[in-house]
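# After the sequence you'll find the predicted model.
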Amino acid sequence: MTEKAAMAAERNQYVFKVASDATKPEIKKAVEALFGKKVGSVQVLNMKGKTKRTANGVGLRKGYRKAYVTLAAGETLEDFSGAE
């Protein structure tokens, strides 16, 4: 869990690494099913892969998608250790 994700958790917002083709409604439904908590909103962002030098020249790391899930008022995730 990153510092940024830990600070977001204090604001009742949790960060998940999700499939690159996952949509906001799918993420919301999955979090509600897994944790049994009401989700208020979902924001997603696509992280670009980093360019890295290799012995064969330049390579590109794979990118991924992050979801910031805000729970409804009064809901929290206990003992959340993060999924990043």
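All right, it came through fine.
# which residue ends up closest to the midpoint of the chain in space?
residue 16 (2.3 Å; C-alpha atoms, centre = their mean).
# In three-state terms, label that one for me.
strand (DSSP: H, G, I helix; E, B strand; the rest coil).
# do the same with residue 58
Here residue 58 is recorded as strand under three-state DSSP.
# who's it bridged to?
residue 53 (DSSP bridges).
# what's the closest non-adjacent residue to residue 41?
Spatially, and ignoring its direct neighbours in sequence, residue 41 is nearest to residue 70 (4.7 Å; C-beta to C-beta, 6 or more residues apart in numbering). Glycine gets a C-beta too; all of them are placed from N, C-alpha and C.
# Show the backbone phi and psi for the one you found.
Dihedral angles of residue 70 (phi, psi; degrees, to the nearest 10) stand at phi -100, psi 120.
# Can you check the pLDDT for it?
Residue 70 is assigned 95 on the pLDDT scale.
# Run the chain-centre distance for the helix or strand of the chain with the lowest mean pLDDT.
When each helix and strand of the chain is scored by mean pLDDT, DSSP states H and E, helix 3-10 comes last, with a mean of 89. Relative to its parent chain, helix 3-10 has a centroid offset of 12 Å by C-alpha atoms, centre = their mean, to the nearest Å.
# repeat for stretch 62-82
6 Å.
# Just the buried positions in that stretch, please.
Across stretch 62-82, burial judged by 16 or more other C-beta atoms under 10 Å covers 65-71.
# I would like the residues contacting stretch 66-83, please.
Residues outside stretch 66-83 that contact it (C-beta atoms under 8 Å, 6 or more residues apart in numbering) are 1-2, 5-6, 8-9, 11-18, 22, 24, 27-28, 31, 35, 37-45, 47, 84.
# Tell me what residue 16 is bridged to.
With DSSP bridges as the rule, residue 16 is bridged to residue 67.
# quick one: it and residue 28 touch, right?
No - using C-beta atoms under 8 Å, residue 16 is not in contact with residue 28, being 11.2 Å away.
# now residue 20: how far from residue 66?
10 Å (C-beta to C-beta, to the nearest Å).
# let me redo that: residue 12
In terms of C-beta to C-beta, residue 12 sits 17 Å off from residue 66.
# Perfect, that will be all.
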